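>>> coords below, sequence missing:
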């Protein structure tokens, strides 16, 4: 499947060829911290199937797996875009939040479930609303 995406401000754009069967939700504590969310939805592709337009910034970290990972983001708006190995990369792990076709890309597997937030198991039963009306206080 061909996908495309961009950061929030539009200065960085990308296209990629992905396999929708490789979409996953990662519950590792690094993904929770770096995304500011209880998990991160991602899809992996080969580096030769990924094209980037624009200048990006990197933060190198050591993952829970012990691997070094370059966290790549827009230097202007700080949108997380993808992760890859900092040297000799063979794959790119694209962050689904910045993919235009994200509603078509439901996760097929969940990883690092031992650090999954326990309340996610009952999340479908949480009351919802189509927007923020009535839930956020006026500031």
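Received it, and whenever you're ready, just let me know what you need. What you see is a predicted model, and the numbers here were worked out from it, not measured in a lab.

>>> stretch 51-71: how far from the chain's middle?
12 Å (C-alpha atoms, centre = their mean, to the nearest Å).

>>> can you map out the helices along this structure?
29-35 (DSSP state H).

>>> which secondary element of it has the worst mean pLDDT?
helix 29-35 (a mean of 92; mean pLDDT, DSSP states H and E).

>>> show me where the protein has strands.
Secondary structure of the chain, counting by DSSP state E: strands at 2-6, 13-17, 23-26, 40-46, 50-53, 57-62, 68-73, 80-84, 91-95, 109-111.

>>> could you give the mean pLDDT of the longest one?
Taken as a whole, strand 40-46 has a mean pLDDT of 97.

>>> picking that back up, for residue 132, which of the strands of the chain is the nearest?
Of all the strands of the chain, it is strand 40-46 that lies closest to residue 132, at 21.8 Å by C-beta to C-beta. The way it works is simple: take the backbone N, C-alpha and C, and place the C-beta from them, glycine included.

>>> Provide the strand pairings for that closest one, with the direction of each partner.
Strands adjacent to strand 40-46 in the sheet, as given by DSSP bridges, are strand 23-26 (antiparallel), strand 91-95 (antiparallel).

>>> what bridges to the most centrally placed residue in the chain?
In the chain, the centroid-proximal residue (C-alpha atoms, centre = their mean) is residue 95; its distance is 2.4 Å. Beta-bridge partners for residue 95, by DSSP bridges, are residue 42.

>>> quick one: residues contacting it.
Neighbour list for residue 95: 35, 40-42, 80-83 [criterion: C-beta atoms under 8 Å, 6 or more residues apart in numbering].

>>> can you do 6 Å?
Residue 95 makes contacts with 42, 80-81, as judged by C-beta atoms under 6 Å, 6 or more residues apart in numbering.

>>> any chance of the strands paired with strand 40-46 in TSV, plus distance to residue 128?
Listed next are the strands paired with strand 40-46 as TSV, based on distance: least, C-beta to C-beta, whole Å:
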stretch	distance to residue 128
strand 23-26	19
strand 91-95	24
